[in-house]
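**Q** Quick one, what's the 3D model for this:
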Amino acid sequence: LLCLLGPLGCGIQTGAGGVINSLQVRAGSSIAIFGAGGVGLSALLAAVVSGCSTIVVIDVNPARLGLALELGATCVVDARDEDARDQVIRATGGGADYSVETSGSVHAVRNAVEVLDVGGTAGLIGLGRPGAEIVLDHSVIGFGRRMVGIVEGDAVPQDFIPGLIGLHRAGKFAFDRFVRTYP
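**A** All right, here's what the predicted structure looks like:
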């Protein structure tokens, strides 16, 4: 039981809280999630619960992309594809309202910002290596796109974790599908 509930206080809270608390995604919006590990899949489940109409998950692992589709992603993209960024933009109808980056890769961070529609917000969760720099074309940010750093999903664990457990019990937050697969 602890191996199932323990991750709620770290990666699951971070991914889900990033979508629900930090970004406060709106129903009917589009989101691109970079990384399909525990944090990214938690963000995916939160996007489903929040009513996002388009959920694109980007990763390099085919098994994780398959699981993302099973958990509610509307589209998956192999991050190794040369045109991965363009695929995400097409899948979101011209750009995502939100994006979440969970890997800390500077390439993925740049893509998470560049796939945004005008006025979109990128939530940066993954931590890169110290000294890593992100280079962005100034015009990308110049159209109201925003980046926000996210720590632990901006959650108050005493309130947020019982809510996630309640969603799980109601069959709406199947985090057990990947906690056992990706400890």
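**Q** Please, where are all the strands along this protein?
**A** 30-34, 54-59, 75-78, 96-101, 116-124, 146-149 (DSSP state E).
**Q** Would you mind finding the most buried of these?
**A** Each of the strands of the chain was scored by mean neighbour count; the highest is strand 30-34, a mean of 30, by mean count of other Cβ atoms under 10 Å. For glycine as for every other residue, the C-beta is placed from the backbone atoms N, C-alpha and C.
**Q** that older thread, okay if I get the strands of the chain as a markdown table plus distance to L23 and mean pLDDT?
**A** Formatted as a markdown table, these follow (distance: least, Cβ to Cβ, whole Å; pLDDT from 0 to 100):
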| stretch | distance to L23 | mean pLDDT |
| --- | --- | --- |
| strand 30-34 | 8 | 98 |
| strand 54-59 | 13 | 98 |
| strand 75-78 | 19 | 98 |
| strand 96-101 | 5 | 98 |
| strand 116-124 | 5 | 97 |
| strand 146-149 | 7 | 96 |
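**Q** Dump these into a markdown table; add distance to L8 as well.
**A** Shown next, in a markdown table, are the strands of the chain (distance: least, Cβ to Cβ, whole Å):
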| stretch | distance to L8 |
| --- | --- |
| strand 30-34 | 19 |
| strand 54-59 | 21 |
| strand 75-78 | 25 |
| strand 96-101 | 18 |
| strand 116-124 | 19 |
| strand 146-149 | 22 |
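**Q** Of all these, which one comes closest to G66?
**A** Of all the strands of the chain, strand 75-78 sits nearest to G66, with 7.8 Å by Cβ to Cβ.
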